[in-house]
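Test case, fold it:
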Amino acid sequence: MNMDQLNDQQERLTELDEHARRQRRKGMLWVGISFILCPCHLPITLMVLSFLLGGSALGVVFRDNLIIAGILTTSIWAAGTWYGFRKMRTATCSITPRAK
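Down below sits the predicted model:
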């Protein structure tokens, strides 16, 4: 291998490391936001949403359909947690990103 090939390889590894760091940060952000919507925090989440949406038409729909709101919040939590862990897992695997 000549020096140019070694430099190209080093640049590629640096790009992959930066990509992995970004993916990991995104995953941690998704999991952190999903933690707020965790079902164990559901009473607090529903109370805050009721306060924020109070006085609006959306607030009335929310108040009248608390079970649907709870199911929706729990679904968003599950999807966000899954997506966050998926992002963190792909940041540590050996699959290289597609060329742009």
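
CA atoms for contacts and neighbours, from now on please.
Fine.

Excluding chain neighbours, give the residue nearest to residue 24 in space.
Spatial nearest neighbour of residue 24, chain neighbours left out: residue 88 (4.6 Å); criterion: CA to CA, 6 or more residues apart in numbering.

what's the one you found in contact with, if anything?
By CA atoms under 8 Å, 6 or more residues apart in numbering, residue 88 lies in contact with 23, 24, 25, 26, 27, 28.

right, and the helix or strand after the helix or strand where the fourth one lies?
Assigned by DSSP states H and E, residue 26 belongs to helix 3-36. Past helix 3-36, heading to the C-terminal end, the next element that is a helix or strand (DSSP H and E) is helix 42-53.

So which elements touch that next one?
Judged by 3 or more CA pairs under 8 Å, 6 or more residues apart in numbering; DSSP states H and E, helix 42-53 is in contact with helix 57-64, helix 66-92.

Among those, which comes closest to residue 2?
helix 66-92 (29.2 Å; CA to CA).

Buried residues, that closest one. List them.
Residues of helix 66-92 classed as buried: 69-70, 73-74, 77-78, 80-81, 83-85, 87-88, 90-91 (neighbour count, 16 or more other CA atoms under 10 Å).

Please apply the same query to stretch 21-32.
Within stretch 21-32, the residues that qualify as buried are 23, 24, 25, 26, 27, 28, 30, 31, counting by 16+ other CA under 10 Å.

Quick check: pLDDT value at the residue nearest to residue 24.
pLDDT, residue 88: 86.

Give me the below-cutoff pLDDT ranges for this structure.
Applying pLDDT under 70 to the chain flags residues 1, 3, 5-13, 15-16, 93-100.

Give me the most central residue, it.
Residue closest to the average C-alpha location in the chain (CA atoms, centre = their mean): residue 30, at 2.1 Å.
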